[in-house]
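Undergrad: Sequence and predicted structure below; questions after.
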Amino acid sequence: MRQLSLSNATFEGNSNAYLLDEGAETVLIDSGDSTDVSRDQLRSTLQESGHTFADIDRILLTHWHGDHVGLAGEIQAAGGATVHVHAADAPLVRGDADAWDDLQASWRTYLNEWGVPEAKREELYEHLPGREFVSTTPTVEPIADGDRFAVGDMHLTARHAPGHAAGLCIYERDDGVAFSGDALLPKYTPNVGGADVRVDRPLAKYLTTLDAIVTADYDRVWPGHRDVINAPTDRAREIIHHHEERSLRVLDALATHAPCDAWQVSDHLFGALEAIHILHGPGESYAHLEHLCHTGAAYREGNEYDLTDTTRELLDAEATETIIDRYLYAT
């Protein structure tokens, strides 16, 4: 297995693709974004292993975001590689017009609902992807949780890991090693809420994904960005704790400033936002706010949120463990 580090302008750091060529098939996990820099980097690193785009037999995509799928179509066009992605993300990856129209309509609806100022929306629109986010659209074969792929003497099993994206999949090997895409990152916490507005109750789904990673207790995880994670169970627990702390910060923002919409809460959490973070900031705030409403810690009137009397009493009593147990993990 070889890690291929590809240029990425986003804050997560370089994107990773992974070359598996130990068997009869040559497999690539993710493909980097569709830019000249990434294309040249991928070509040259493949050549170092004695391969070209045409040699790739199968591409396993972790999710639909452009920095993971951008070159899949070009690779497929070069040699006929089979491209796989979870069924929830397949319409976007194959460039389905209705799927992209629905996503863009959802962006507009949520930005309005979250209270994002018009000037900030216009700034964001310059950074949102469209159907042209890949130079060549691949034909894809949808996969589901539990699907297995033979790679030499090893098998890869797809594990559906929604939250950051509706169709995000982890690919786990038989030997305790997994490829996590953006389900688990070594430095930053994957965005939930804004990264894929199609996900219903994204925070609850992502917490379930993190619990599954803890249960799997992988020996090592190769992520979608940056370096290998040598203690993935500990890292998953760190991110769970991060979301506990973020929920408390959301509640504190409401205690001080409510009623608030998602943009106002985002401002208290993150401050000024630019570019794609204009989507990610209020999106993550919204994910927490809706989760806290669903579990009874807060309530919503129109597009604004406030605390229940019980939550205010618990905050005044500094009963943080009770709040976390009662409101973050309730179903």
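TA: Cool, got the structure.

Undergrad: do you know how far the residue nearest in space to the middle of the chain is from Val93?
TA: The residue lying closest to the centre of the chain (C-alpha atoms, centre = their mean) is His164, at 2.9 Å. Going from His164 to Val93 by C-beta to C-beta, to the nearest Å gives 15 Å. Bear in mind the C-beta positions are built from the backbone N, C-alpha and C, glycine included.

Undergrad: With Gln41 instead?
TA: Taking C-beta to C-beta, one finds Gln41 at 21 Å from Val93.

Undergrad: Please say which of those two ends up with more neighbours.
TA: It is Val93, of Gln41 and Val93, that has more neighbours when counted by other C-beta atoms under 10 Å, with 29 against 19.

Undergrad: I figured that one hits Val69, correct?
TA: Yes - with contact defined as C-beta atoms under 8 Å, Val93 counts as touching Val69 (5.4 Å).

Undergrad: intersection of neighbour lists for these two?
TA: Leu61, Val85, Pro138 (C-beta atoms under 8 Å, 6 or more residues apart in numbering).

Undergrad: which residues sit in contact with the last one?
TA: Spelled out, that is Pro138. Contact partners of Pro138, counting by C-beta under 8 Å, 6+ apart, are Ile59, Val69, Ala72, Gly73, Gln76, Val83, Val93, Arg94.

Undergrad: Which pLDDT value belongs to the closest residue to the fifth one other than its chain neighbours?
TA: If the residues on either side of it in the chain are set aside, Gln76 comes closest to Pro138, at 4.7 Å by C-beta to C-beta, 6 or more residues apart in numbering. Predicted confidence (pLDDT) at Pro138: the value is 97.

Undergrad: Give me the domain ranges for this structure.
TA: As assigned by automatic domain parsing, the chain contains the domains 2-94+130-235, 237-328.

Undergrad: any idea which of these is most buried?
TA: Per-stretch averages of neighbours, counted by mean count of other C-beta atoms under 10 Å, single out domain 2-94+130-235 among the domains of the chain, with a mean of 20.

Undergrad: show me where the stretch 201-331 of the chain has strands.
TA: For the stretch 201-331 of the chain, the strands defined by DSSP state E, counting those that start in this stretch occupy 220-223, 298-301, 304-307.

Undergrad: And the stretch 51-200 of the chain, by the same measure?
TA: 58-60, 82-86, 140-143, 148-151, 154-160, 169-173, 177-181.

Undergrad: Adding distance to Leu6, write the ones you listed out as JSON lines.
TA: Output for the strands of the stretch 51-200 of the chain, formatted as JSON lines (distance: least, C-beta to C-beta, whole Å):
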{"stretch": "strand 58-60", "distance to Leu6": "14"}
{"stretch": "strand 82-86", "distance to Leu6": "17"}
{"stretch": "strand 140-143", "distance to Leu6": "20"}
{"stretch": "strand 148-151", "distance to Leu6": "21"}
{"stretch": "strand 154-160", "distance to Leu6": "20"}
{"stretch": "strand 169-173", "distance to Leu6": "18"}
{"stretch": "strand 177-181", "distance to Leu6": "14"}
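
Undergrad: Ok, which of these comes nearest Thr308?
TA: Closest to Thr308 of the strands of the stretch 51-200 of the chain is strand 154-160 (C-beta to C-beta; 33.2 Å).
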